[in-house]
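S.K.: I'd like to go over a predicted model; first the sequence, then the structure.
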Amino acid sequence: MIEQKYLVDNNALNYIGAKRRGSEFFRKHCRVTEDVQYEARFTVRGSALAGLTVSTTPRVLQHVTKIMATVPVGDIALLELYGNKGAADPLLVATALAMNEAESDSLPADEWIVVTADGALTAKAKEFGIATAAPQELAVLIDQSATQAE
């Protein structure tokens, strides 16, 4: 059975709050990239994300190369290193691409969805066929799972 899993951006982590981040649903279905965890390292949630962090693999880096090749020179909507903005965004898309690839011909991969409030990240994910969700949508899913568990 294919499950939906979620790669969560920092802006979404802020929105959903500590209680939802501590939920069983979040621990089971949500992950962050190393870059998102790094961005959160000085926040209260930083250490809690360590066990939910997906490593950057060579396959992810291959996808980063493909993604960055689609960003025009001078376009800083997705990634602005001088402004220290969006460093995790290409990695979120690349990680979702890598994780959506089937491990074998007989086993389908889970569907990884990028959760963000960032318009440029949403657009780039969709350009590469990655589903996206707003932080509000993830919050509703977490709340519904808690209600069902009661």
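M.R.: Good, I have the coordinates.
S.K.: ok, and what's touching stretch 108-118?
M.R.: Applying CB atoms under 8 Å, 6 or more residues apart in numbering, the external contacts of stretch 108-118 come out as 2-9, 11-12, 15, 30, 86, 89, 92-93, 95-96, 99-103, 121-122, 125, 130-135, 137-138. The way it works is simple: take the backbone N, C-alpha and C, and place the C-beta from them, glycine included.
S.K.: Now do the helices in this protein.
M.R.: Assigned by DSSP state H, the helices in the chain fall at 10-21, 24-29, 34-39, 58-68, 89-100, 119-127, 135-149.
S.K.: Any chance of those helices in a markdown table with distance to residue 80 and mean neighbour count as columns?
M.R.: Listed next are the helices of the chain as a markdown table, based on distance: least, CB to CB, whole Å; neighbours: other CB atoms under 10 Å:
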| stretch | distance to residue 80 | mean neighbour count |
| --- | --- | --- |
| helix 10-21 | 15 | 18 |
| helix 24-29 | 29 | 16 |
| helix 34-39 | 14 | 20 |
| helix 58-68 | 13 | 15 |
| helix 89-100 | 10 | 24 |
| helix 119-127 | 10 | 17 |
| helix 135-149 | 21 | 15 |
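S.K.: Make a markdown table out of the ones you listed and add distance to residue 78 and mean pLDDT.
M.R.: Formatted as a markdown table, the helices of the chain follow (distance: least, CB to CB, whole Å; pLDDT from 0 to 100):
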| stretch | distance to residue 78 | mean pLDDT |
| --- | --- | --- |
| helix 10-21 | 14 | 93 |
| helix 24-29 | 26 | 96 |
| helix 34-39 | 13 | 91 |
| helix 58-68 | 8 | 96 |
| helix 89-100 | 5 | 95 |
| helix 119-127 | 5 | 95 |
| helix 135-149 | 18 | 92 |
